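Participant: kindly generate the corresponding structure for this input.
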Amino acid sequence: MNAEGLATRAETFKLLAECYYAPEGALRTITDDLSRCLISLCPEAARPMKRMREAIAREPDPTPRKVDYARLFVGPFGVLAPPYGSVYLEGERRVMGGSTMNVRDTYLDEGLDISENCREAPDHIAVELEFMHFLACKEAEAAAREDREGALQYAQKQNEFLEGHLETWVPEFTDLIKSHAQTEFYKCLAECTSIFLTSGFRKEGGREIF
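Facilitator: All right, here's what the predicted structure looks like:
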């Protein structure tokens, strides 16, 4: 994949992350941009994205999506699809467990820390996707300056984070969304996320293939 394609993949991670924050007015622009990225990167994931955009067009009122977001990810009467990795990985299904600290250590190893303005834990789905965005940007930058070794290094870091963190809990998380979501938007978002992380980011012999 050339530097332009790598930059598009980095943008895809960022846009997916934004979809897991509270739905705001810019959601239509975000999904339009995400659809554009996925059409070139992962057509299979672009199909649920198309249905998501159609759902927004049919129902421009954001209230149902906001209600569904709260039901799925916030509460207050129980969270149907907790967006934190530790809930799925810790025996007590708790937030901010040892696995959360492991994820934060991974960020610190790259010179990153959670912003004071971010109210989410390090293993929130959006934060982990944003970290993939960071690594993918680094790979794209290295490729643009023809630094093959640097690009391969950041590609490997993405593979390691995908296998060591995202793949360990996101499948169960997206299954819960698909089971409990009342809006087409979140059902499609879960499907898109699942497909992109499995089909849009494949590995063969330690090297990426697309």
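Participant: ranges for the strands of the protein?
Facilitator: Per DSSP state E, the chain carries strands over the ranges 202-204, 207-209.
Participant: where among the ones you listed is the average confidence lowest?
Facilitator: Mean pLDDT is lowest for strand 207-209 out of the strands of the chain, coming in at a mean of 40.
Participant: contact partners for the most centrally placed residue in the chain?
Facilitator: The residue lying closest to the centre of the chain (C-alpha atoms, centre = their mean) is Leu129, at 3.8 Å. Contact analysis of Leu129 by C-beta atoms under 8 Å, 6 or more residues apart in numbering lists 13-14, 16-17, 20, 166. No exception for glycine: its C-beta is placed from N, CA and C like everyone else's.
Participant: quick check, Tyr20 in contact with Ile125.
Facilitator: Yes - using C-beta atoms under 8 Å, Tyr20 makes contact with Ile125 at a distance of 5.0 Å.
Participant: coming back round to it: and the contacts of Leu129, which two are furthest apart?
Facilitator: Maximum pairwise distance among the contacts of Leu129 (C-beta to C-beta): 14.8 Å, between Lys14 and Leu166.
Participant: what residues of stretch 56-76 count as buried?
Facilitator: Using 16 or more other C-beta atoms under 10 Å as the test for burial, stretch 56-76 gives 56, 62, 65, 68-69, 71-73.
Participant: turn the contacts of Leu129 into JSON lines, including distance to Lys157, neighbour count and pLDDT.
Facilitator: Below are the contacts of Leu129 laid out as JSON lines (distance: C-beta to C-beta, whole Å; neighbours: other C-beta atoms under 10 Å; pLDDT from 0 to 100):
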{"residue": "Phe13", "distance to Lys157": "13", "neighbour count": "24", "pLDDT": "97"}
{"residue": "Lys14", "distance to Lys157": "17", "neighbour count": "20", "pLDDT": "97"}
{"residue": "Leu16", "distance to Lys157": "18", "neighbour count": "26", "pLDDT": "96"}
{"residue": "Ala17", "distance to Lys157": "17", "neighbour count": "20", "pLDDT": "96"}
{"residue": "Tyr20", "distance to Lys157": "22", "neighbour count": "23", "pLDDT": "96"}
{"residue": "Leu166", "distance to Lys157": "13", "neighbour count": "22", "pLDDT": "95"}
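Participant: number of residues surrounding Pro43?
Facilitator: 12 (other C-beta atoms under 10 Å).
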